[in-house]
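next come a sequence and a model predicted from it.
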Protein chains: 2
Amino acid sequence: MDERDIRDYQRMMQDDIRMQAYFQAIQKLCPGKVVCEVGLGLGPLSLMALNVGAERVYGIEVRPNVLELAQRVIRNHGYDEKRFVGFEGLSTCVELPERVDVILSETLDGVVFGENTALFLLDACERFLKPGGVIIPEGIASKVALANPVEFERQLEFWSEKLQQRYGLNYRDVATELNLHNQSIAVTPDELLSDWTHWHDVEFAKPETIAYPRPVELWPTRPGLARGFAVAFEATLAQGVHLRTFPSDPGTSWKQGFSPFRHPVECSVGDLIWLDVQIGSGEDTRVSVRPRVLHIDASRAPTFIADLQRSGASRSAEAEEGLESADPAEEKPPLPSS
Amino acid sequence: MDERDIRDYQRMMQDDIRMQAYFQAIQKLCPGKVVCEVGLGLGPLSLMALNVGAERVYGIEVRPNVLELAQRVIRNHGYDEKRFVGFEGLSTCVELPERVDVILSETLDGVVFGENTALFLLDACERFLKPGGVIIPEGIASKVALANPVEFERQLEFWSEKLQQRYGLNYRDVATELNLHNQSIAVTPDELLSDWTHWHDVEFAKPETIAYPRPVELWPTRPGLARGFAVAFEATLAQGVHLRTFPSDPGTSWKQGFSPFRHPVECSVGDLIWLDVQIGSGEDTRVSVRPRVLHIDASRAPTFIADLQRSGASRSAEAEEGLESADPAEEKPPLPSS
């Protein structure tokens, strides 16, 4: 681990809202139980489980040096290999010696799906969990909204304008690169251009809910440039224990998720922004979450929606075809074939 | 490159003091010249050289995806492969097609030696530079002082106390881990416990100056706990063009360097802190810079120094032997054998 890694763990473990919510859920669900943590990190959640009386904890972590440090810390708390067993690797490649009562995981990122959490927890539920076992978090409900966060705009400006003005350097390619990366960024209510719209409800113990999110229709509530969509979520860690990342909630280490559009979209009230995501494979546990955007102006939006409603299920098939970006040249709506 | 990498490059390229100083040196030394940049990064310095009329630039970068993006940016400025050629790898493994007039590099970190700059630039001067060629920076003069930076203390407190108080988690092992990592951290004058003391002068075109720094004697100017030593430097980029990182200078992206002691040292005025460093090998271009500290209290310090002065050169040999840390058990000064 380098200094940067330690600071990243510190940022997460300093987040008292996150830590308190997990602590509460662990106190409710882990005493006397056999637990498996998927994505151990430095092990604070597994340690909480042991401290509240979990019978035994299996901890799975893909980074060997992180696992080694976590194991050292856990041993120092007096837990021997009867109480804690570490496994190095991706959870999908690990076999546990027994099924467990509780699966525990904090592998959520700002855009919810970035850590490929759904895939890993679905597999863990299937292969590791006893019948009737529980999972922390039980489920996640996420919402999206059109956004133009100032912090992101400043980054773009730096690469595409400031360097040009100051030193005659044209770094627009890095601004373009930035548009390909999801961010954890603070998004304030006045940086939103639409209401928060329901995106995806997952319950990890119900495989049928884990399909990747369907497209959503976003209606600008004020005119302006949407540089991407913001994501916020409510994770249910246990009955009555929730973790929320909306701008109206106390700030967490996730801030808000922000997924930039390849090209910003100039929105008017009455327009429709039709948003789908592609989920790509990445290294280790990460996946890329890339938006596909279709901008339909106010005059054509009602027709488009009516057509979509008529054609029903064909909507997602359309999404697979041509809707690459909101590039003006590509804005022609692919009207559903009825 | 992930978002974290882009932000790191942004932090460096947003540092106008650094950029302006290099820009000045490049304007003075690069027009009409053949240049090689060691450690290209995203290429802003090579681009500056091309923009002020360098005949040709060779850019060496170890990270393939960074090189690829830099090459794309440079091509977009209209420089073809006659003006810019990129090489992937460590500079010590690269062969250039010709010797160059100017070697250009910004591979300095807060503790000066962390990027192994001396080794790489010495090799580059020997193998790449024409007789009479110049190097940017020409040289670096660094100083050290005993320090207890608040920001570092807060990090230690978080791992060793806060987590215990809030959640009953004992993470002292991470605090210990932190003590093994050099930091870029703001050190204010009131966080210093000694004067700045001359550490090391390097001129890269003079191999005889590049030996690793000799031990220094630091005398506390006020009592307190020294958690490590701060490092600041003045790099001479060209005649009259300097880049300084002392707390009294305008802040740069380096802030100050800080190298923690394995064990903090309680200092009194009149004590002597005898400081040496070990330079270890690391991955890629990084080396570990670890302090070795000997704490001699006020009553014994004058004798120790007198003995050192009598024994002269044997000092560095002593340093190789037993001075692992300022652990009280190891504080017995190894008196020079006369």
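Sure thing, it's come through. Residues are numbered from 1 along each chain as shown, chains lettered A, B, ... in the order given.

ok, and the closest non-adjacent residue to the residue of the stretch 151-300 of chain A found nearest chain B?
In the stretch 151-300 of chain A, the residue that lies nearest chain B is A:His181 (4.4 Å; Cβ to the nearest Cβ). Glycine gets a C-beta too; all of them are placed from N, C-alpha and C. Nearest residue to A:His181 in three dimensions, chain neighbours excluded: B:Glu3, at 4.4 Å (Cβ to Cβ, 6 or more residues apart in numbering or on different chains).

I'd guessed that neighbour sits against A:Asn182; true?
Yes - B:Glu3 lies in contact with A:Asn182 (Cβ atoms under 8 Å); the separation is 7.4 Å.

re the thing from before, which SS state does the residue of the stretch 151-300 of chain A closest to chain B fall under?
For A:His181, the assignment made with DSSP: H, G, I helix; E, B strand; the rest coil gives coil.

check it and give its pLDDT.
A:His181 is assigned a pLDDT of 88 by the prediction.

and for A:Asp80?
Looking at A:Asp80, its pLDDT is 97.

next, count neighbours for it.
The local packing of A:Asp80 (other Cβ atoms under 10 Å in any protein chain shown) involves 9 other residues.

report the secondary structure state of it.
coil.

next one: it from A:Val57, what distance?
Distance, A:Asp80 to A:Val57, using Cβ to Cβ, to the nearest Å: 12 Å.

and for A:Arg310?
Per Cβ to Cβ, A:Arg310 is found 53 Å from A:Val57.

more neighbours: which of those two?
Shown here are A:Arg310 and A:Val57; by other Cβ under 10 Å, A:Val57 has more neighbours (28 against 10).

report the contact partners of the more buried one.
Contacts were defined as Cβ atoms under 8 Å, 6 or more residues apart in numbering or on different chains; by that measure A:Val57 touches A:34-37, A:46, A:49-50, A:79, A:83-85.

these: which two are farthest apart?
Maximum pairwise distance in the contacts of A:Val57, criterion Cβ to Cβ, is 15.0 Å, between A:Cys36 and A:Tyr79.

out of those two, which sits in the busier spot?
Higher neighbour count among A:Cys36 and A:Tyr79: A:Cys36, with 31 against 19, using other Cβ under 10 Å.

any idea how far B:Gly168 is from the more buried one?
Remark: distance between A:Cys36 and B:Gly168 (Cβ to Cβ) = 22 Å.

rewinding a little: I'd assumed B:Arg4 was in contact with the residue of the stretch 151-300 of chain A closest to chain B.
No - the pair A:His181 and B:Arg4 fails to qualify as a contact (Cβ under 8 Å) at a distance of 9.5 Å.

quick one: which of these two has more around it?
Higher neighbour count among A:His181 and B:Arg4: A:His181, with 18 against 10, using other Cβ under 10 Å.

what about the nearest residue to A:Ser248 once chain neighbours are set aside, neighbour count?
Distances taken as Cβ to Cβ, 6+ apart place A:Pro189 nearest to A:Ser248, at 7.1 Å, with adjacent residues excluded. Counted with other Cβ under 10 Å, the neighbours of A:Pro189 add up to 10.

and what of A:His263?
As a burial measure, A:His263 scores 16 neighbours (other Cβ under 10 Å).

element containing it?
strand A:256-267 (DSSP states H and E).

is it true that A:Arg83 touches A:Arg56?
Yes - counting by Cβ under 8 Å, A:Arg83 touches A:Arg56, with 5.8 Å between them.

between these two, who's got more neighbours?
Using other Cβ under 10 Å as the criterion, A:Arg83 and A:Arg56 rank with A:Arg56 on top: 20 against 17.

and the residue of the stretch 151-300 of chain A closest to chain B, what does it touch?
Contacts of A:His181 (Cβ under 8 Å, 6+ apart): A:260, B:2-3, B:6.

looking at these, which one is closest to A:Glu177?
When these are compared for distance to A:Glu177 (Cβ to Cβ), B:Ile6 wins out at 6.7 Å.

residues from chain A in reach of chain B?
A:1-4, A:6, A:9-10, A:13-14, A:16, A:19, A:23, A:42, A:44, A:47-48, A:51, A:69, A:72-73, A:76-77, A:155, A:158-159, A:163, A:166-174, A:177-178, A:181-183 (Cβ under 8 Å from any Cβ of the partner chain).

could you flag which of those residues are buried?
Neighbour-count burial (16 or more other Cβ atoms under 10 Å in any protein chain shown) is assigned, among the residues of chain A next to chain B, to A:1, A:3, A:6, A:9-10, A:13, A:19, A:23, A:42, A:44, A:47-48, A:51, A:69, A:73, A:155, A:158-159, A:163, A:167, A:169-171, A:173-174, A:177-178, A:181-183.

among the residues you listed, name the ones in strands.
Of those, the ones assigned to strands by DSSP state E are A:Gln183.

so what's A:Val241 up against?
Residues near A:Val241 by Cβ under 8 Å, 6+ apart: A:21, A:24-25, A:28.

can you add neighbour count and give those residues back as TSV?
TSV is the format used below for the contacts of A:Val241 (neighbours: other Cβ atoms under 10 Å in any protein chain shown):
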residue	neighbour count
A:Ala21	23
A:Gln24	17
A:Ala25	27
A:Lys28	16
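
tell me the two of those residues that are most distant?
That would be A:Ala21 and A:Lys28, which, of the contacts of A:Val241, are the farthest apart (Cβ to Cβ) at 11.1 Å.

per-residue pLDDT of A:Ser316, please?
Looking at A:Ser316, its pLDDT stands at 46.

again, but for A:Gly43
With respect to pLDDT, A:Gly43 scores 97.

the residue nearest the centre of chain A and B:Thr245, how far apart?
Note on chain A: the residue nearest the mean C-alpha position is A:Val112, at 1.4 Å, using Cα atoms, centre = their mean. Using Cβ to Cβ, A:Val112 is found at 41 Å from B:Thr245.

try A:Leu192
Applying Cβ to Cβ to A:Leu192 and B:Thr245 gives a distance of 41 Å.

tell me which helix or strand the residue nearest to A:Arg290 when sequence neighbours are not counted sits in.
Sequence neighbours aside, A:Gln278 is the residue nearest to A:Arg290 in space, at 4.6 Å (criterion: Cβ to Cβ, 6+ apart). In the assignment (DSSP H and E), A:Gln278 maps to strand A:272-281.

so, low pLDDT: which residues of the stretch 201-338 of chain A?
The stretch 201-338 of chain A contains residues with pLDDT under 70 at A:281-285, A:312-338.

can we see that at 50?
Regions of the stretch 201-338 of chain A meeting the criterion pLDDT under 50 cover residues A:313-338.

which residues of it fall in helices?
With DSSP state H, counting those that start in this stretch, the ranges of helices along the stretch 201-338 of chain A come out as A:301-311, A:314-321.

which residues touch the residue nearest to the residue nearest to the centre of chain A when sequence neighbours are not counted?
In this structure, A:Val112 finds its nearest non-sequential neighbour in A:Ser142, 4.9 Å apart by Cβ to Cβ, 6+ apart. A:Ser142 makes contacts with A:112, A:199-201, A:213, A:231-234, as judged by Cβ under 8 Å, 6+ apart.
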